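Student: Predicted model, plus sequence, below.
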Amino acid sequence: MKLIIVESPAKGNTIQKFLGKEYKVLSSYGHVRDLPKSKLGVDVENDFEPHYIVPLKAKKTVRLLKEESKKADITILATDEDREGEAIAWHLSEILELKEEEYQRIAFHEITKQAIEEALKNPRKIDINLVEAQQARRILDRIVGYKLSPFLWKKIVKGLSAGRVQSIAVKFVVDREREIQAFVPKEYWSIEAILKKTEGDPSSFNATLHKINGKAILKPGIKSKEKVKKITKELEEADYSIESVEKKETKRNPFPPLTTSTMQQEAWKKLHSPAKFTMMSAQKLYEAGLISYHRTDSLNLSEQSLTEARKWITESCGKEYWPGFPRRFKTKSKKAQEAHEAIRPTVPSNSPEKIKISDQRQAKLYDLIWKRFIASQMSQAVFNSTTAQIQALSKKENYTLKTSGQTLKFDGFLKIYPMKFEELNLPLLEKDEKLKLLKLDPQQHFTQPPSRYTEASLIKILEENDIGRPSTYAPTLSTIQARNYIEKNEDKRFIPTEMGTTVNDLLVNHFPRIEDIKFTAKMEKNLDDIAQGEKQRVNVLREFYEPFEENLKQKYEEVSKKEFTDKPSGKTCPKCNAPLIIKLGRFGKFLACSKFPECKYTESLEKKGLGIKCPRCKTGDIVEKRTKSKKIFYGCSNWPDCDFALWDKPINETCPECGSLLITTKKGEVKCSNKECGYKK
């Protein structure tokens, strides 16, 4: 009997279907050894030797695997092909006490009969360099977490924790929020002209002013209303004619197939699926044998998958939809070396309509993966585009306006992977043709602050800066939300919490290497070098640990808790008349009695006052609040004595018809807060 060990029962069940009775497939249910939760578990004095234990939940599994391994002729370790999978295989070999001749290591990129049979024909031994890289990451993260967390407990509040990659993710969110707060909008203007031909086609079209006397208007646009008035007056009296017309075909190439990062980004954009759920669904699809391995930053595609894609495209869409050659893509990432292929369907002919997936999340994700892969092998989309330069001659100046139009000539890959694009038909325009001005439309604009991060854009910025690995993005985002360092606003965009900002500032000011983006990216490079056998784990860990530990000891002495909490409030305790102080808890600032623990009085510290008095009690202020589910509403600061509340944001104006507060809806509409009054501004 040959024993095959995989990580999960679902993966094992799929593999068992492809094999004969001489094989028995069992699951390790993930890691069978780990560092202990109760202590550091790393001997920093002895070359950072890890002390692994068998977790309580894994003991029964380990006992069974030991029994079955002893019975087997050979034990085949078939864990995933990345560093994590290699480490699990190594832990299994250690705990099962397997000699080199007693085990084989196999790896495959997809769970199909052909892939499993091919892997069994080509077994190898454990790649110790990959194991060393995984151990280095695990030990590094353990040192940061277990050394910094107690420091945060002592200097801010108990229950906090720090993480190497997570701290950088929080920093991105905090920095972006400060950019937004510091942003000063600047006014600018654009001028559009509505024109028509003097003869023939009666349809009108729009053109935008973009040059004055041959010089392009610098972005963002015309800066003053006075200048716009002057230009508008001259354009009203100008003579319009076509200066030039350019007609051409423009082509759009298909996107490459998905990687872990782009899958998470596209799933958020198209399916509104958080990274955590996307990875869970992808794991199930992989284990069921429907998609290739989902933790990858490679864009490679197997020759067989390319051949099958060509066959499906030509038979289902038509020969014109295949470009005549297989498309191959190169990743921009220098560290894309662990995985063999991009994420793709294992059987390209299994279109979403052909197979039935009961779980809706999984079905939608499979649809996305399949369409992206098939589209990547299709012909370009072709557009007919027209660009015209329009001369407007006034008595004083020579103005140039520009108009563009496009129509879809051939949909190509868009047939499978639709994207938003605007088709705009222009009338037939000829050089030197005279035009008639119908209307001028000056438009006022204001520069906008940078957007807050979504799940997709935060993952993208982490990837662009070489922070973390494909498999770390989902747990990173989940962790920093669970720790209440960042949260999503009503637009599903990330904002830092008070606690997140405080922890970030402490780390930035006192542990700059932890918060340094380039340093963290360099550490990822070091881990890659270990995986390639170019660096030693112990040397990389020592290079980090020695200055980190020295700085930590120094900061225990230098940093005072009063920097972050226990600040005077100017208020007194209603129970004992002692001063109330501002303290910082896991969920933000609050007021507490300075005589704690003798007096345990606490009071919420309301924030974001709107400068509006409560219309019901007349003494309280309207402040922004949040429900337990973090939904924003607006209520009286005198709660619970006054329960006045609104879901929409009030403005400091009253309804001219009933006297109630006016509110601004999410659509920007100003109306009366009294539902029985229909007033709208």
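Tutor: Thanks, I have it. Residues are numbered from 1 along each chain as shown.
Student: which residues of the stretch 201-350 of the chain fall in strands?
Tutor: Taking DSSP state E, counting those that start in this stretch as the criterion, the stretch 201-350 of the chain carries its strands at 204-212, 215-216, 239-252.
Student: Point out the most buried one among these.
Tutor: Among these, strand 204-212 has the highest mean neighbour count (mean count of other Cβ atoms under 10 Å), at a mean of 18. Glycine gets a C-beta too; all of them are placed from N, C-alpha and C.
Student: just checking, what packs against that one?
Tutor: strand 187-197, helix 225-236, strand 398-410 (3 or more Cβ pairs under 8 Å, 6 or more residues apart in numbering; DSSP states H and E).
Student: If we use 10 Å, what do you get?
Tutor: Packing contacts for strand 204-212, counted by 3 or more Cβ pairs under 10 Å, 6 or more residues apart in numbering; DSSP states H and E, involve strand 187-197, helix 225-236, strand 381-393, strand 398-410, strand 434-446.
Student: Which helix or strand in the chain has the lowest average pLDDT?
Tutor: Of all helical and strand segments in the chain, the minimum by mean pLDDT, DSSP states H and E falls on strand 602-604, at a mean of 78.
Student: Now do the buried residues in the helix or strand just after that one.
Tutor: For strand 602-604, the following helix or strand on the C-terminal side (DSSP states H and E) is strand 609-613. Within strand 609-613, the residues that count as buried by 16 or more other Cβ atoms under 10 Å are 612-613.
Student: the inter-axis angle of the helix or strand that comes right after strand 609-613 versus strand 609-613?
Tutor: The helix or strand immediately downstream of strand 609-613 is strand 621-626, counting by DSSP H and E. Note on geometry: by axes from the mean of the first three to the mean of the last three Cα atoms, to 10 degrees, strand 621-626 and strand 609-613 are set 140 degrees apart in direction.
Student: Break the chain down into its structural domains.
Tutor: Domain assignment for the chain by automatic domain parsing gives 2-126, 144-182+451-558, 187-253+381-446, 260-376, 565-605.
Student: So for Gln16, which of the helices and strands packed on strand 204-212 sits nearest?
Tutor: Minimum separation from Gln16 across the helices and strands packed on strand 204-212 (Cβ to Cβ) falls at strand 381-393, 43.7 Å.
Student: picking up where we left off before, I'd like the domains of the chain as CSV, with distance to Lys671 appended.
Tutor: Output for those, formatted as CSV (distance: least, Cβ to Cβ, whole Å):
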stretch, distance to Lys671
domain 2-126, 52
domain 144-182+451-558, 18
domain 187-253+381-446, 24
domain 260-376, 28
domain 565-605, 30
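Student: Which of those domains sits closest to Pro650?
Tutor: When those are compared by Cβ to Cβ, domain 144-182+451-558 sits nearest Pro650, at 16.0 Å.
Student: Enumerate every residue touching Lys575.
Tutor: By Cβ atoms under 10 Å, 6 or more residues apart in numbering, the residues touching Lys575 are 593, 595, 599-601.
Student: mind running it again at 6 Å?
Tutor: 599, 601 (Cβ atoms under 6 Å, 6 or more residues apart in numbering).
Student: Look up the closest residue to Ala375, ignoring the ones flanking it.
Tutor: Counting by Cβ to Cβ, 6 or more residues apart in numbering, Tyr417 is the residue found nearest to Ala375 once chain neighbours are left out, at 3.6 Å.
Student: same deal with Glu249?
Tutor: Nearest one to Glu249, counting by Cβ to Cβ, 6+ apart, is Val382 at 5.7 Å.
Student: Let me know how buried that neighbour is, in neighbour terms.
Tutor: Neighbour count of Val382, defined by other Cβ atoms under 10 Å: 16.
Student: quick one: it and Thr407, what's the gap?
Tutor: Here Val382 is placed at a distance of 10 Å from Thr407 (Cβ to Cβ, to the nearest Å).
Student: Overlap of the contact sets of the two?
Tutor: By Cβ under 6 Å, 6+ apart, no residue touches both Val382 and Thr407.
Student: what would the helices and strands packed on strand 204-212 look like in JSON lines with mean pLDDT?
Tutor: JSON lines is the format used below for these (pLDDT from 0 to 100):
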{"stretch": "strand 187-197", "mean pLDDT": "95"}
{"stretch": "helix 225-236", "mean pLDDT": "95"}
{"stretch": "strand 381-393", "mean pLDDT": "96"}
{"stretch": "strand 398-410", "mean pLDDT": "96"}
{"stretch": "strand 434-446", "mean pLDDT": "95"}
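Student: Now render these as a markdown table, adding distance to Glu243.
Tutor: Formatted as a markdown table, the helices and strands packed on strand 204-212 follow (distance: least, Cβ to Cβ, whole Å):
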| stretch | distance to Glu243 |
| --- | --- |
| strand 187-197 | 13 |
| helix 225-236 | 15 |
| strand 381-393 | 4 |
| strand 398-410 | 7 |
| strand 434-446 | 11 |
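Student: where exactly do the helices run in the stretch 351-500 of the chain?
Tutor: 360-376, 455-464, 473-482, 498-510 (DSSP state H, counting those that start in this stretch).
Student: pull the CA atoms of the last one into CSV?
Tutor: C-alpha atoms of helix 498-510 as CSV (Å, rounded to 0.1, in the frame of the first residue of the first chain):
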residue,chain,number,x,y,z
GLU,A,498,-8.2,56.0,16.2
MET,A,499,-6.3,53.0,17.6
GLY,A,500,-4.9,52.2,14.2
THR,A,501,-3.5,55.7,13.8
THR,A,502,-2.1,55.7,17.3
VAL,A,503,-0.3,52.3,16.9
ASN,A,504,1.0,53.5,13.4
ASP,A,505,2.4,56.7,14.8
LEU,A,506,4.1,54.9,17.7
LEU,A,507,5.8,52.4,15.3
VAL,A,508,6.7,55.1,12.7
ASN,A,509,8.3,57.3,15.4
HIS,A,510,10.0,54.6,17.4
